[in-house]
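# predicted model follows, preceded by the sequence.
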Amino acid sequence: MLISISELRKFYRMGEIEVRALDGVDLEVDAGDYLAIMGPSGSGKSTLMNLIGCLDTPTSGEYILNRQAVSGLDDTELAHIRNREIGFVFQTFNLLRRATALANVELPLIYARMPAAKRRQQALEALDRVGLGDRVKHQPNELSGGQRQRVAVARALVNRPSILLADEPTGNLDSKTSEEIMSLFDELNSAGNTIVLVTHEKDIAKHARRTIRLLDGRVVSDGRRDDSRAQP
């Protein structure tokens, strides 16, 4: 079991109002799984993603990632877990504009204090893996939207994480490019990568083998198909 979540809650105070962003979520994810998280605005999708990604801490409940309890870790410990265990892909790419594709992909390995030669080799391998081995010296403004997202995927993969987390990864892409990026995710999952993605689009979620739906901070459905192209 790669992820084990039990009775996870996240409450916020907005003045005198208590917002229950997550209200008792139970979830288990195996290594190699491909999970889509769906739900309307305000359902708790982003909150759950932030907790899985160790970007936030829960109000209560237990979260075990790769056999380590992370629910009560401090910010420094969470940052270490993020760098070692989790690769992030965001809707807005989050690339350094003046840096090359190679330099952008190397960034997590710099934080991990990897020696320069090994860092460069690992980054080149990640770019090759997403089909951009011939674009390593290009800056983001010299790349298409789909290529920029591929650089972001390579950066997410470069530290060889346990999980690839994707938050609306095709939100800024046209339909053709979106399908190309999702085909890349399919290939990565077939190669053994565990993928968790948040999306509100059924066409994107259909790529996952399992789909959970959230409503008012709770899991209201959890469906899986035997084939690798599950329909939500």
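Here it is on my side, so go on. This is a predicted model, so every value here is computed, not measured.
# what about the strands in the chain?
Using DSSP state E, the strands of the chain run over 3-14, 17-29, 34-38, 60-65, 68-69, 86-90, 163-167, 194-198, 210-215, 218-224.
# quick check: mean pLDDT across the shortest one?
It refers to strand 68-69. Mean per-residue pLDDT for strand 68-69: 94.
# which other residues reach that strand?
Contact partners of strand 68-69, identified using Cβ atoms under 8 Å, 6 or more residues apart in numbering, comprise 62-63, 81. Where C-beta positions appear, they are placed from N, C-alpha and C, glycine not excepted.
# weed out the non-buried ones from those residues.
Neighbour-count burial within these applies to 63, 81; the criterion is 16 or more other Cβ atoms under 10 Å.
# so the most centrally placed residue in the chain bridges to which residues?
In the chain, the residue lying closest to the centroid (Cα atoms, centre = their mean) is Leu165, at 0.9 Å. Per DSSP bridges, the residues bridged to Leu165 are Phe88, Val196.
# please report the distance of Ala208 from Lys137.
Distance, Ala208 to Lys137, by Cβ to Cβ, to the nearest Å: 34 Å.
# ah, wrong one, I meant Gly217
As judged by Cβ to Cβ, Gly217 and Lys137 stand 46 Å apart.
# on that earlier part again, quick one: least confident of the contacts of strand 68-69?
Within these, the minimum per-residue pLDDT falls on Ile81 (92).
# against Leu65, how distant is that one?
Going from Ile81 to Leu65 by Cβ to Cβ gives 7 Å.
# do the same with His207
Per Cβ to Cβ, His207 is found 23 Å from Leu65.
# could you do Thr199 as well?
Per Cβ to Cβ, Thr199 is found 22 Å from Leu65.
# between those two, which has more neighbouring residues?
More crowded of Thr199 and Leu65, by other Cβ atoms under 10 Å: Thr199, with 26 against 22.
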